[in-house]
Structures are given as C-alpha cells and as structure tokens.
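Peer 1: Dropping a prediction and its sequence here:
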Amino acid sequence: MRKAVPARLLLLALTSLASLSAICAQPAPAPAAAGIMTVDQVRAGMRGVAYTVFQGTKPEPMEVEVLGVLKNLNGPKGDLIVVRLHGAKAEYTGVVSGMSGSPVYIEGKLVGALSYRLAIFAKEAIAGVTPIADMLEINELDRSQPRTASVAVHSGQDATATAVAPPPELQGYSQQLTPIETPLVFSGFSDDAVRRFAPQFAAAGIAPVMGAGSASSDPQPEPLEPGSAVSALLVQGDMNIAATCSVTYVDSERLLACGHPLYQFGAVDLPMTKATVLATLASSYASFKIINTTEPVGSFVQDRHTGILGRFGRSARMIPVTVHVHGGTRDKQFHFQVLNHAKITPLAMMITVFNALQGVNDFGEEASYRLRGKIGVEGYPDVGLENMYAPADGTLPTAYLVAIGLGDRFGRIFQNPYNTPAIQKVELDFDLVRERRSARLESARTDVTEAHPGDRIMVEAVLRPYRGERMVRQVPVVIPASAPPGTLRILVSDGETLDRTRRFFGMVARRLDLGATIASLNQEHSNSRLYVSLLQPGPQALLEDKVMPALPLSVLNVLDPLRNSQEMLLTAESTVAETSIPLDSVVSGAQVITITIK
C-alpha cells in the first residue's frame, strides 16, 4: 500500500513547477526596453531564461541556472558566465550547434548570449555565456556607415558586487569550454568536394562542422527577434555555403548574434538572411540544427571576438561568377556569388569550381579541360585566363588541378600589399575533352650546329602523348641580328618552366602592386603550347612586371640599388627571342640545345 505524500512536500513541488512554468512562459523582453545585467551582478544559483529555435522560426524558452563566473576565460578581462540549461528539450538535446547567440535573461534583464559548450559527449547541458556588455563593444568598432548613437541598453544599477566562482567540481573542466560550433552548411556540394578542401578551410580558420540544410530566397514573414536563427552566406546561388547561429539583440537598425566569432575576420561584408530550423537533431556526439536559409535582410559587417554585427537594409557586395561547361551531352551553366575577402575568396572559388566541374554527368577520370575566361578587377585590365588541364599521374582529378590553378591566381591578386582589389565579376568557359590530353617533351635538336646573325634555323621537338604515338613538331627560329659571336643556348620547354623564375621573384620580393600583379599574370605562358627561347650570355633584369634583357654595364650600375632592396632580380642569361606553337595538350618538360654563332 502506497504512503500518502505529505501535504507540505506536495505544495512545495507544485510551487516549484508553477515557478518554472512562469519563467519559461514569459516572452523575451523587447530589445529596446530590456536593461542589462552586468557580470558583477550575477550570482550562483540565479535563475533565468534563454531563447532559441528548436523547430520553425519561433524562439522557445529554456530555464537557465547560473553556476558561476569564470574570470578571464574568454581572453584578458573576458569573463564567461557558466550556466546549466533546464527543460525537456534542452536536457534532451544538450547544447546544440547553431544555438550560439541565444539570449539569456535574468530578472528581465539581458545578461548575454549562449556561446560556449563544455565538451562533446557531455551528459549535462552546461554552457558558457558571453556577457552582453562585451558584445555591445562591436557596435563601436563598426565604420560601415556614419556614426549613430550607441545601442540603448542600460541596467540603471551600480555594479559593485564581486562575482561568485563556479563550484569546485566544475573548475577542473573550465579549459574545455569551447565555442559552440556554428554549422557551416554546404548546399549543392558533393561530399568529395567538402572533404578535399576541408584542410584548406581549416588552415583559413574555418572548420566545416556537422550540419544539414539548404538555401532559398523564400519569404519568411516572421520578424527577427532575440533567439531567432540568422545566417551569414559565404556563397550563394546554384551553390551555397551558410553559417547559422542565433540572434542575441535586435533593434530597427542592427542585430548582434553568435556571442563568439564566426572566423574573427574583423570588418566583413556578408549577406545576412533569416533562417528556418527544420529540426534539431539530438546526438550524443554533437547535436545540431537542420537549417534552411531564407530571405535576405541585410549584411553582416563585423566579425569580432565576442560576436557578429549585422545591419538591416544593406546589400553585401559579392563577386558574381559564371561557369560554362561545353562538350558534354549538353552545355551546362552555373551562376553563383562568392564573398569578396582576401583570405576566403580564393578558397571559395576553388571549391565551387571543383564542385561545378565534378558534379556533371560528363565528368570522368580521364577528362581534360580547356579554360578561357577572365577576372574583372575594378580600375584595372581584366586578368586573362587561358590554360589547359589534364589528369596528373596519381590520384588528383582534373577538376582539382583546375581549382588549384584558379586559387593561385586569386591568391596573388589579393596578396599584393598596396591595393585592395575590388573584383567585379568572374567568367569561366570550359571545353570538356573526353580523354587525357598531355604530352611530355622527350628530345629536341636543330638542323645546324653553327649559325650567323639573321639566319633562320629549324628546331625539331619530339613529344610523347599519354598512351599515343610520338609527335614530331618543327619550330622555325630566326637568330637575332644583334646576337654576338659565341655560344647561344636554345631552350625548348613548357610554359611553366618559363614562368617559374618570375613567380619565385614575386614570392621573395612581395613588392608588386595590384597593377603590376595583374600585368605579370597576363604575361604568363600557356601550358598548352611548346616554347622555343633563345638565351644569350648577358645580364637580364626582372623589375616588377617588366623584363629588360641584355643590359649594358652602365645601366646595371644605375639599377644596382634596386637589386639590394629586392625590388629587382638579375639573371646571368637574357631571353633575346621567343616563339611557340600550339599543341592542344598539357605540355611538360624542357630541353636545352647549344649552337655557335659565327
């Protein structure tokens, strides 16, 4: 027979349940009306409420219990409030990727944003909270528009009390607090594309984390409010890359979100969109939200240590990209936009172009591509793109080689130390060839061993195609009338050999401005042609994008200070003539022939 529950205990349980229901039922305070509670006012044992979206667009409440404050954990003078989340959903899912930025209120005052998790596989929903005062500093750093009044959120109380430390059993795990992952969702990308470029993303400070979802521009009539999901787009269009977290503070002009950096890039220009949470997937390893990005509402302009700042009514300046692929069962076109950022744009171009080429049915391991295109840079000539790509020996697919080549060009454009490039558009036109088009130079010779200035000689090259019969090509060459008596070397080579010295000089000097960088890129040789270069003894100077062969001693003396400052490179031989023939294959190899000039 059961024992009756004492009336006193029953009353206490009902009172506690009513208190919890009241906390979780209260709506989030209006942003303009909510004051703030500073870290010094926070006490262990305080109860509050946090808001996040578990499904749909409406933020739901979770009870918050303060465990204490970890001093200086989030950098110098960067305190972190440690809380435990209560409620059926929060206790079931734990701390969720995409939950960062969820606002926390105590006594009706905004305390900060959920931003850190204790550990993966955690059995309790314990999180770190970035104080709202630290996030509000971001507004003062923003220079994307004329200065306005500071965000009007004030506590109206003095902060003189000392914060209480977390309990001893938690302090040993304090260093395991890490930022809650912001799901970086790749929509329209293959698993192979994400896997291949994950190391490059990691090197740039971006870790693709577990997440799922898609992107659209569908209207979402529900307004953004504290706790709503909001997304930053790195790529949008036929392919999308989006990072999603939660809104901490919002008013008529701006919002603050995340409570930690996306990538801590400082000033940024990223499209800001609303987002719908399709579901929250609970996982013992790491729970995450399945998210659809929806209509644009502005742009994110700051990505800082304690959060990100977005402004409404702004349009982010993205780079429009068009990719045409010909030669398959039918022509394919891809249109998308990538962010304009020195660190991420080259990487974004690499993964999107790789994904576009490999994602068509016509792609195969033996496929080759002819590329023609241009990169439009405001105020400068277009960067011309003309190359051919074929599978390399090993495991690298052709599309990956294309991506690496494009990434190199974008990297060099952005790496110049003098000018910030404003890239206006990118147009890429690919012809697909259903076979491996590559040829290796085996040998080269001339029909003479001696010649006179002005003579016309014939250079014969033998090339071995991939799985094909040897090809013999003849290239006529005219000996310059100014050629001095003595030894003349003839270099028969691919374009990469000719460009190698120039690229090395650019990496060492690091002094080319944007104009010189573009000029240097446009002077590079095609890899689908065979080149014959005449080299004669005598110094040659490479200065920025200019080549000055056969310099007299008097000119060298004038230019000598530039060599000492690494602004000029001197070589012992001068290229006095150059000619080439097309081969419609990726050429590799080099041979040197020596003749005597009488």
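Peer 2: Thanks, I have it.
Peer 1: residues contacting the nearest residue to residue 103 once chain neighbours are set aside?
Peer 2: Take residue 103 and drop its neighbours on the chain: the residue closest to it by Cβ to Cβ, 6 or more residues apart in numbering is residue 226, 4.2 Å away. Quick note: C-beta positions are derived from backbone N, CA and C, even for glycine. Applying Cβ atoms under 8 Å, 6 or more residues apart in numbering, we find residue 226 in contact with 28, 31, 51, 59, 103, 110, 247, 248, 249, 250.
Peer 1: surely the last one meets residue 224?
Peer 2: Yes. In this structure, residue 250 sits in contact with residue 224. The criterion is Cβ atoms under 8 Å, and the distance is 5.5 Å.
Peer 1: between those two, which one's more packed in?
Peer 2: Applying other Cβ atoms under 10 Å to residue 250 and residue 224 shows that residue 250 carries more neighbours, namely 24 against 21.
Peer 1: sorry, back to before: any idea which of the contacts of residue 226 is closest to residue 442?
Peer 2: Proximity of the contacts of residue 226 to residue 442 (Cβ to Cβ) peaks at residue 247, which lies at 64.6 Å.
Peer 1: where's that closest one, which helix or strand?
Peer 2: strand 240-250 (DSSP states H and E).
Peer 1: What residue, apart from its backbone neighbours, is nearest residue 379 spatially?
Peer 2: Spatially, and ignoring its direct neighbours in sequence, residue 379 is nearest to residue 422 (7.4 Å; Cβ to Cβ, 6+ apart).
Peer 1: Can you get me a residue count around the one you found?
Peer 2: Residues within reach of residue 422, counting by other Cβ under 10 Å, total 14.
Peer 1: now the one 10 residues further on
Peer 2: The number of residues packed near residue 432 is 20, by other Cβ under 10 Å.
Peer 1: So for it, what's the nearest residue that isn't a sequence neighbour?
Peer 2: In this structure, residue 432 finds its nearest non-sequential neighbour in residue 327, 3.6 Å apart by Cβ to Cβ, 6+ apart.
Peer 1: now do residue 584
Peer 2: Using Cβ to Cβ, 6+ apart, the closest residue to residue 584 is residue 528 (6.1 Å).
Peer 1: what about the one you found, distance to residue 243?
Peer 2: Per Cβ to Cβ, to the nearest Å, residue 528 is found 39 Å from residue 243.
Peer 1: Who has more neighbours out of these two?
Peer 2: Between residue 528 and residue 243, counting by other Cβ under 10 Å, residue 243 is the more crowded of the two (28 against 25).
Peer 1: before we move on, the earlier item: list the contacts of the residue nearest to residue 432.
Peer 2: Applying Cβ under 8 Å, 6+ apart, we find residue 327 in contact with 362, 430, 431, 432, 433, 434.
Peer 1: Any quick PyMOL command for the buried ones out of those?
Peer 2: Buried residues within the contacts of residue 327, by 16 or more other Cβ atoms under 10 Å, are selected in PyMOL with:
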select buried, resi 430+432+433
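Peer 1: Max pairwise distance over the contacts of residue 327: which two?
Peer 2: For the contacts of residue 327, the maximum inter-member distance is 13.0 Å, found between 430 and 434 (Cβ to Cβ).
Peer 1: Could you pull out the strands in the stretch 351-500 of the chain for me?
Peer 2: For the stretch 351-500 of the chain, the strands defined by DSSP state E, counting those that start in this stretch occupy 368-377, 383-389, 423-433, 438-446, 450-451, 456-465, 471-478, 486-493.
Peer 1: chain center to stretch 393-408: distance?
Peer 2: Mean-position distance between stretch 393-408 and its chain equals 18 Å (Cα atoms, centre = their mean, to the nearest Å).
Peer 1: do stretch 197-207 as well
Peer 2: Offset of stretch 197-207 from its chain centre (Cα atoms, centre = their mean): 8 Å.
Peer 1: follow-up on the earlier one: distance of the residue nearest to residue 432 from residue 429?
Peer 2: Going from residue 327 to residue 429 by Cβ to Cβ gives 11 Å.
Peer 1: likewise residue 81?
Peer 2: From residue 81 to residue 429 the distance is 55 Å (Cβ to Cβ).
Peer 1: the more surrounded of those two?
Peer 2: Neighbours per residue (other Cβ under 10 Å) separate residue 81 from residue 429, with residue 81 holding more: 29 against 15.
Peer 1: so who does the more buried one touch?
Peer 2: Contact partners of residue 81, counting by Cβ under 8 Å, 6+ apart, are 39, 42, 66, 68, 69, 70, 104, 111, 112, 128, 129, 131.
Peer 1: Keep only those of the residues you listed that are in helices.
Peer 2: Assigned to helices by DSSP state H, none of the contacts of residue 81 qualify.
Peer 1: Adding distance to residue 303, write the residues you listed out as TSV.
Peer 2: Below are the contacts of residue 81 laid out as TSV (distance: Cβ to Cβ, whole Å):
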residue	distance to residue 303
39	23
42	27
66	28
68	29
69	26
70	24
104	22
111	23
112	18
128	19
129	20
131	19
